[in-house]
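Q: Provide a 3D model corresponding to the input given below.
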Amino acid sequence: MHCADNSLYCGSTDDVQRRFHTHQQFKGAKYTRVKSRHPLKLIFSQRFDNKHDALSAEYHFKHQSRAKKLKYLAEHGVDIHPLNN
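A: From the prediction side, this is the model:
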C-alpha cells in the first residue's frame, strides 16, 4: 500500500480486499493505524502458491531500501505519486 505520508506498507493475506478494508478502518497493522498515513492506496498485490512463498516475499520486500522497492514496483507497472499532491 502507498500511504498518505508517502511511505509504503507491505503485508500478506489470503483476502486482499478484506485486509485492505481492515487497514482503511484503522483496524489493521499498527503501522496503518496512524491517521497521518491515511488515506491508503492499494497499489500492488501478488499471488503466491503457498503461505511460505508469500511470507518470504514479504520479508524480502520489507528489508529492501526504498529505492529498491520503488524499482521493483516500477518493474511491475506501478507508478508512485504522492497521495497528497
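
Q: roughly how far does Leu55 sit from Ala4?
A: Leu55 sits 27 Å away from Ala4, taking CB to CB, to the nearest Å as the criterion. (Each C-beta comes from the backbone N, C-alpha and C, glycine too.)

Q: look at the two and report which has more neighbours.
A: More crowded of Leu55 and Ala4, by other CB atoms under 10 Å: Ala4, with 16 against 12.

Q: you'd agree that one is up against Lys35?
A: No: using CB atoms under 8 Å, Ala4 is not in contact with Lys35, being 9.0 Å away.

Q: grab the longest helix from this protein for me.
A: Ranked by residue count under DSSP state H, the longest helix found in the chain is helix 51-62.

Q: how far off centre is it?
A: 12 Å (CA atoms, centre = their mean, to the nearest Å).

Q: average pLDDT for it?
A: The average pLDDT within helix 51-62 is 97.

Q: mind saving the C-alpha coords of the next helix or strand after that helix as PDB?
A: Moving toward the C-terminus from helix 51-62, the next helix or strand (DSSP states H and E) is helix 66-75. What follows is helix 66-75, C-alpha atoms only, in PDB (Å, rounded to 0.1, in the frame of the first residue of the first chain):
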ATOM      1  CA  ARG A  66      13.100   2.400  -0.600                       C
ATOM      2  CA  ALA A  67      14.900   2.900  -3.900                       C
ATOM      3  CA  LYS A  68      14.800  -0.900  -4.500                       C
ATOM      4  CA  LYS A  69      11.200  -1.100  -3.500                       C
ATOM      5  CA  LEU A  70      10.300   1.600  -6.000                       C
ATOM      6  CA  LYS A  71      12.300  -0.100  -8.700                       C
ATOM      7  CA  TYR A  72      10.600  -3.400  -8.100                       C
ATOM      8  CA  LEU A  73       7.200  -1.700  -8.200                       C
ATOM      9  CA  ALA A  74       8.100   0.200 -11.400                       C
ATOM     10  CA  GLU A  75       9.200  -3.100 -13.000                       C
END
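
Q: picking that back up, residues of the longest helix of the chain that come out buried?
A: 54, 58, 61 (16 or more other CB atoms under 10 Å).

Q: done for today, thanks.
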